[in-house]
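Undergrad: Have a look; sequence and predicted model below, questions after that.
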Amino acid sequence: MESSVKHSGILTESLPPREGDSAENLEAALGHRFAQRELLARALTHSSLAYERGEHEAGDNERLEFLGDAVVGLLAAESLYRRYPELPEGSLTRLRGALVSRRHLAQVAQGLHLGRHLRLGRGEERSGGRAKLALLADAMEAVIGALYLDGGLEAARPVIEARVLGPSVALLREQLLAGEGIGDFKSTLQEMLQARKQGPPEYCTTGEIGPDHRKQFFVEARVGGRILAEGAGQTRKHAEQEAARQAIEALRLPGGAE
């Protein structure tokens, strides 16, 4: 029989025990013991459970997700800046985009078995929420936000270095230097908009200049008729990717989802 309790304004719900699902095991995987355990509880609480218990504003992980998004972006950028002094800004941006994408953060969450720790409402539980990539990516950002609040950047940095960058950054750099496409910004933007329930992005070519061998295309990324950003490139595909990249950056700013 399941039971629920409230601790410091945070809703927690006991679930059937599973191997490795204790808070202590998750802390061990993160390499950090929380002084404020309620932060970890909140980071793992999906809005579906908070809504069911009437504790949405105080109890779910959405505010921590917002904070964690900024923290992971900052620390990933700092690490890449220090690791690769030879790379120009554009290459660093592409690497960061791949590392902080929802797809990649969901993979990081899977490596931590974060799904088994999530606190979900009954409907989300029945629909397989523990395996949904969007929920896992959101929870991963929320956990990083909780780490930051509990121990500052020095608590969040080792997790981002070991879990977000460590397994992937060298291969991504090799792909970048080989001229392969690593930062599919269009896919990232679509995932971001889907998560925000804003519909799929559309790309509209607004102009082109120059001779055929030096053509420059201009493309707007739009959603629901609203212009998110404009990008330019030597092909329509490159211009679309640039528009998507700038749209992602705009959406990550405070108020960017509005």
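TA: Good, I have the coordinates.

Undergrad: Show me the strands in the chain, by range?
TA: For the chain, the strands defined by DSSP state E cover 4-7, 10-13, 202-209, 216-223, 226-233.

Undergrad: need those in CSV with distance to Glu191, mean pLDDT and mean neighbour count, can you?
TA: C-beta here means a position set from N, CA and C on the backbone, and glycine is covered the same way. Converted to CSV, the strands of the chain look like this (distance: least, Cβ to Cβ, whole Å; pLDDT from 0 to 100; neighbours: other Cβ atoms under 10 Å):
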stretch, distance to Glu191, mean pLDDT, mean neighbour count
strand 4-7, 31, 32, 11
strand 10-13, 28, 32, 21
strand 202-209, 16, 93, 13
strand 216-223, 13, 92, 20
strand 226-233, 14, 89, 17
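
Undergrad: Could I get the ones you listed in a markdown table, plus columns for distance to Gly73?
TA: Below are those laid out as a markdown table (distance: least, Cβ to Cβ, whole Å):
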| stretch | distance to Gly73 |
| --- | --- |
| strand 4-7 | 30 |
| strand 10-13 | 26 |
| strand 202-209 | 24 |
| strand 216-223 | 19 |
| strand 226-233 | 17 |
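
Undergrad: Relative to Ala106, which of the ones you listed is closest?
TA: strand 216-223 (21.8 Å; Cβ to Cβ).

Undergrad: measure Gly199 to Met192 for me?
TA: Going from Gly199 to Met192 by Cβ to Cβ, to the nearest Å gives 12 Å.

Undergrad: More neighbours: the two, which one.
TA: Met192 (22 against 11; other Cβ atoms under 10 Å).

Undergrad: List the contacts of stretch 142-159.
TA: Stretch 142-159 has contacts (Cβ atoms under 8 Å, 6 or more residues apart in numbering) with 30-32, 34-36, 39-40, 42-44, 61-69, 71-72, 75, 114, 160.

Undergrad: try stretch 90-110
TA: 69, 72-73, 76-77, 80-81, 84, 87, 115, 133-134, 136-137, 139-141, 163-165, 168-169, 172-173, 176, 182-183, 185, 187-188, 191-192, 195, 245, 248.

Undergrad: can you rerun that using 6 Å?
TA: 72-73, 76-77, 80, 133, 136-137, 140, 163-164, 172, 176, 182-183, 185, 188, 191 (Cβ atoms under 6 Å, 6 or more residues apart in numbering).

Undergrad: In helices, which of those residues fall?
TA: In this view, these that belong to helices under DSSP state H are 72-73, 76-77, 80, 133, 136-137, 140, 172, 176, 185, 188, 191.

Undergrad: Could I have the buried ones of these as PyMOL selection syntax?
TA: Burial among these is assessed by 16 or more other Cβ atoms under 10 Å; the matching PyMOL selection reads:
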select buried, resi 72+73+76+77+80+133+136+137+140+172+176+185+188+191
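
Undergrad: quick check, nearest of the ones in helices among the contacts of stretch 90-110 to Gly121?
TA: Leu136 (16.2 Å).

Undergrad: Roughly how far does the closest one sit from Pro254?
TA: For Leu136 relative to Pro254 (Cβ to Cβ), the value is 24 Å.

Undergrad: can you check His113 too?
TA: Applying Cβ to Cβ to His113 and Pro254 gives a distance of 32 Å.

Undergrad: higher neighbour count, those two?
TA: Neighbour tally, His113 and Pro254, criterion other Cβ under 10 Å: the higher count belongs to His113, 16 against 8.
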